[in-house]
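K.L.:
sequence below, structure please.
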Amino acid sequence: MSQTNPTLSQLHNQIDQWLQAIKRSDFAAICSHYTEDVRAFDAVKQLQFRQADYLAHWQQCLEMCPNHLAFDLKDIQIRHSADLAIMYALLYCAGVNDKGEVQGCWMRVTQGWQQQQGQWRIFHDHFSAPFDMVTGAALFDLQPDAA
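P.N.:
Sure thing, here's the model as predicted:
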């Protein structure tokens, strides 16, 4: 008989709460999922973010994309110990632009999670999109393998 891993269940629950906060554009709830010393490598704007700058970046992203339709993870993988975890997955992000057109793409996300005072918090975010080395263009039209 298979037993449920409580740490894995807690992590999946926290990840789902983080996703739901983003889908609701709930800035305070999004912020509550990050450690005070978060370091992030986002796919846009700058090479890296630290602490308050990253949360301000999240606020800007929410303001830029008020009509988002999707922020969904696929193929989530989690590796964990008692107080540290790494989550990696594919992320589909889509929204409606000012012309009413749906724009979206698949990206990659890796997160470092740390147990702090009984709660799992993100200490590292990394969002990225693959690019063509010859042209330097981001490859936003890639799709996950249908396996």
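K.L.:
who does the longest strand along the chain pair up with?
P.N.:
When the chain is parsed with DSSP state E, its longest strand is strand 102-116. Here strand 102-116 is paired, per DSSP bridges, with strand 84-96 (antiparallel), strand 119-128 (antiparallel).
K.L.:
can you list the buried residues in the last one?
P.N.:
Of all the residues in strand 119-128, those buried under the rule 16 or more other C-beta atoms under 10 Å are 120-127. C-beta: built from backbone N, CA, C; applies to glycine.
K.L.:
residues in contact with it?
P.N.:
Strand 119-128 is contacted from outside by 10-11, 14, 18, 33-35, 37-43, 54, 85, 91, 107-115, using C-beta atoms under 8 Å, 6 or more residues apart in numbering.
K.L.:
now the buried members of these.
P.N.:
Among these, those buried by neighbour count (16+ other C-beta under 10 Å) are 10-11, 14, 18, 33-34, 38, 40, 42, 54, 85, 91, 107, 109, 111-115.
K.L.:
any idea how far stretch 62-82 is from the chain center?
P.N.:
Averaging C-alpha positions (C-alpha atoms, centre = their mean, to the nearest Å) puts stretch 62-82 4 Å from its chain's average.
K.L.:
next: stretch 68-87.
P.N.:
8 Å.
K.L.:
now swap in stretch 114-126 and tell me
P.N.:
For stretch 114-126, the distance to the chain centre is 13 Å (C-alpha atoms, centre = their mean).
K.L.:
pLDDT of the longest strand of the chain, averaged?
P.N.:
Mean per-residue pLDDT for strand 102-116: 93.
K.L.:
gap between that strand and the chain center?
P.N.:
Relative to the centre of its chain, strand 102-116 is centred 2 Å away, using C-alpha atoms, centre = their mean.
K.L.:
only C-alpha atoms, please: export it in PDB.
P.N.:
Taking C-alpha atoms only, strand 102-116 is exported to PDB below (Å, rounded to 0.1, in the frame of the first residue of the first chain):
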ATOM      1  CA  VAL A 102      -4.700  35.900 -27.200                       C
ATOM      2  CA  GLN A 103      -0.900  35.800 -26.800                       C
ATOM      3  CA  GLY A 104       0.800  33.000 -24.900                       C
ATOM      4  CA  CYS A 105       3.800  30.800 -24.800                       C
ATOM      5  CA  TRP A 106       5.400  27.900 -23.000                       C
ATOM      6  CA  MET A 107       8.400  28.700 -20.800                       C
ATOM      7  CA  ARG A 108      10.500  26.800 -18.200                       C
ATOM      8  CA  VAL A 109      10.400  27.500 -14.500                       C
ATOM      9  CA  THR A 110      12.600  26.200 -11.700                       C
ATOM     10  CA  GLN A 111      12.000  27.200  -8.100                       C
ATOM     11  CA  GLY A 112      13.900  26.600  -4.900                       C
ATOM     12  CA  TRP A 113      11.700  26.200  -1.800                       C
ATOM     13  CA  GLN A 114      12.700  26.400   1.800                       C
ATOM     14  CA  GLN A 115      10.800  25.400   5.000                       C
ATOM     15  CA  GLN A 116      10.600  28.500   7.200                       C
END
